[in-house]
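Asker: Provide a 3D model corresponding to the input given below.
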Amino acid sequence: MSTRRVERLAETLGVTKLSKSQVSEMAAYLDEQVAAFRNRPLDSEHYTFVRIDALTIKTRGRVVNVHGLIAVGINAAGQREVLGLDMATSEDGAGWTAFLRGLAARGLSSVELVVSDAHQGGWWVRLGRRCPGRRGSAAAPIAAVTKSLVAFDIGAR
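Answerer: Alright, predicted model coming up:
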């Protein structure tokens, strides 16, 4: 995070006078926190369902689109949790493959269903085979998670 961004963030919080060294310390601290979040192990929790998506963002300086990749998992308690965030220069198969391999390297496994839109590289729409064939009361947990994922998608817009 740049020192200018940290300075603007501090101003929105009502802090008006910061020295350059204070801003640098804050930026370094925030960078550490973000790195710890993005690299945390994912093997302590079981995520049956994962929703992946991307957001196209115009960057400053050079006019270049970057893609913010995100994975949100539903844990055993039914709570949504951001599993990963990353930036890619394009929303193609290579970017998604690197992102998903990173999640797997951090311990994400045994995912039964991955929900995704029709973006390029989205060939991993369904990983599990047990979910689609469920009927009756066995399908209720799937319906609840699907509603949760749809609510997340609508709320994010």
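Asker: Domain boundaries for the protein, per the record?
Answerer: 3-38, 49-156 (automatic domain parsing).
Asker: Same list (the ones you listed) but as CSV, adding mean pLDDT and mean neighbour count.
Answerer: C-beta here means a position set from N, CA and C on the backbone, and glycine is covered the same way. CSV is the format used below for the domains of the chain (pLDDT from 0 to 100; neighbours: other CB atoms under 10 Å):
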stretch, mean pLDDT, mean neighbour count
domain 3-38, 84, 12
domain 49-156, 71, 14
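Asker: where exactly do the helices run in this protein?
Answerer: Counting by DSSP state H, residue ranges of the helices within the chain are 3-12, 20-38, 93-105, 140-156.
Asker: could you dump the third one to CSV, C-alpha only?
Answerer: Output in CSV follows, covering the C-alpha atoms of helix 93-105 (Å, rounded to 0.1, in the frame of the first residue of the first chain):
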residue,chain,number,x,y,z
GLY,A,93,-7.4,-19.9,-17.5
ALA,A,94,-3.8,-19.2,-16.5
GLY,A,95,-4.8,-16.6,-13.9
TRP,A,96,-7.6,-18.7,-12.4
THR,A,97,-5.4,-21.8,-12.4
ALA,A,98,-2.6,-20.0,-10.5
PHE,A,99,-5.2,-18.5,-8.0
LEU,A,100,-6.9,-21.9,-7.4
ARG,A,101,-3.5,-23.7,-7.1
GLY,A,102,-2.6,-21.1,-4.4
LEU,A,103,-5.7,-21.9,-2.5
ALA,A,104,-5.0,-25.7,-2.7
ALA,A,105,-1.4,-25.1,-1.6
